[in-house]
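Trainee: Sequence and predicted model, in that order:
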Amino acid sequence: MKNIRLNYWNNFYSKKISSNKINFPSQFSMFTLSNDIKKNLLIEFGCGNGRDAYYMSRYYKRVIGYDSSEFVIKKNISIFKGIKNLKFVNRNIIKKYDLNYLKKYQKTIYARFFIHTLKNDEIDIFIKILSFLLKKNEKIFLEYRTHLDIKTKKTFKKHFRNYLDPKKIINLFKKENIENIYSNSSYGYALFGNEDPHIARQIFVKK
């Protein structure tokens, strides 16, 4: 990602994040829990303020949250210190970074409101990274804004958003031998104040 976006997110989190644990999880984290049987290692890309990583750490043996914002990762490390199975890492995952050490673990990939923060070429790179990282039958859980969300009301109007067509995302994963096993899109999935975005929820599995 370009520095302008990194600077934006560092500034955003410096103003919005509190110093307390956020105890309420997203709807999507509960959806993931109900559809993932083997709760070993959960890797979250775009963990933000850490609320879902924190919640999931109660159910998974180990949780790693990645985010490109240095500010939010430092804040998460401070807020959630003492939780031994929860780790936060500051990395721009789209840039070259060695994830090879994670391949040996049985893992689940979780990315809520992350993939739509990427440009098209970055999405291609991200999917290739996931294909490399995953072993056969390991799952990916995605939630993101769709192309039908362009005109809905936005609370944070300056966020960069790449409004995505779920069918096109399925095809991109298919090219990397990752099969879509669940896909649905709707309003009502991510209510926030007066905002009701049009959201896609998808589950993929490495073949």
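Mentor: Good, I have the coordinates.
Trainee: State the number of residues packed around residue 76.
Mentor: 28 (other Cβ atoms under 10 Å). Quick note: C-beta positions are derived from backbone N, CA and C, even for glycine.
Trainee: now the strands for the chain?
Mentor: 41-45, 62-67, 86-90, 107-112, 139-145, 178-186, 199-206 (DSSP state E).
Trainee: pLDDT weak spots in this protein?
Mentor: For the chain, applying pLDDT under 70 flags the ranges 1-4, 6, 12, 15-23, 95-97, 155, 157.
Trainee: which residue is nearest the centroid of it?
Mentor: residue 111 (2.0 Å; Cα atoms, centre = their mean).
Trainee: Looks like that residue contacts residue 129 (just checking).
Mentor: No: if you go by Cβ atoms under 8 Å, residue 111 and residue 129 don't touch, sitting 11.2 Å apart.
Trainee: For the chain, which segments are assigned as helices?
Mentor: 3-16, 27-35, 51-56, 70-79, 120-133, 166-175 (DSSP state H).
Trainee: export those to TSV and tack on distance to residue 206?
Mentor: Listed next are these as TSV, based on distance: least, Cβ to Cβ, whole Å:
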stretch	distance to residue 206
helix 3-16	29
helix 27-35	16
helix 51-56	20
helix 70-79	27
helix 120-133	7
helix 166-175	9
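Trainee: most packed of these?
Mentor: helix 51-56 (a mean of 23; mean count of other Cβ atoms under 10 Å).
Trainee: could I get that helix in CSV with only the CA atoms?
Mentor: Below are the C-alpha coordinates for helix 51-56, written out as CSV (Å, rounded to 0.1, in the frame of the first residue of the first chain):
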residue,chain,number,x,y,z
ARG,A,51,-11.7,-6.8,18.9
ASP,A,52,-12.3,-9.9,16.8
ALA,A,53,-8.8,-11.3,17.3
TYR,A,54,-9.4,-10.8,21.1
TYR,A,55,-12.8,-12.5,21.0
MET,A,56,-11.5,-15.4,18.8
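Trainee: and the residue nearest to the centre of the chain, how far is that from residue 60?
Mentor: 15 Å (Cβ to Cβ, to the nearest Å).
Trainee: Residue 71 now?
Mentor: Applying Cβ to Cβ to residue 71 and residue 60 gives a distance of 25 Å.
Trainee: is it true that residue 60 touches residue 41?
Mentor: Yes: counting by Cβ under 8 Å, residue 41 is a contact partner of residue 60 at 6.8 Å.
Trainee: ok, now which ones touch residue 72?
Mentor: 9, 10, 13, 17, 47, 48, 49, 50 (Cβ atoms under 8 Å, 6 or more residues apart in numbering).
Trainee: Ignore what I typed, I meant residue 81.
Mentor: Going by Cβ under 8 Å, 6+ apart, the list of residues near residue 81 is empty.
Trainee: go again using 10 Å as the cut-off
Mentor: When contacts are counted by Cβ atoms under 10 Å, 6 or more residues apart in numbering, residue 81 touches residue 88.
Trainee: before we move on, back to that, can you put the strands of the chain in JSON lines and add distance to residue 171?
Mentor: Output for these, formatted as JSON lines (distance: least, Cβ to Cβ, whole Å):
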{"stretch": "strand 41-45", "distance to residue 171": "20"}
{"stretch": "strand 62-67", "distance to residue 171": "25"}
{"stretch": "strand 86-90", "distance to residue 171": "30"}
{"stretch": "strand 107-112", "distance to residue 171": "18"}
{"stretch": "strand 139-145", "distance to residue 171": "14"}
{"stretch": "strand 178-186", "distance to residue 171": "9"}
{"stretch": "strand 199-206", "distance to residue 171": "12"}
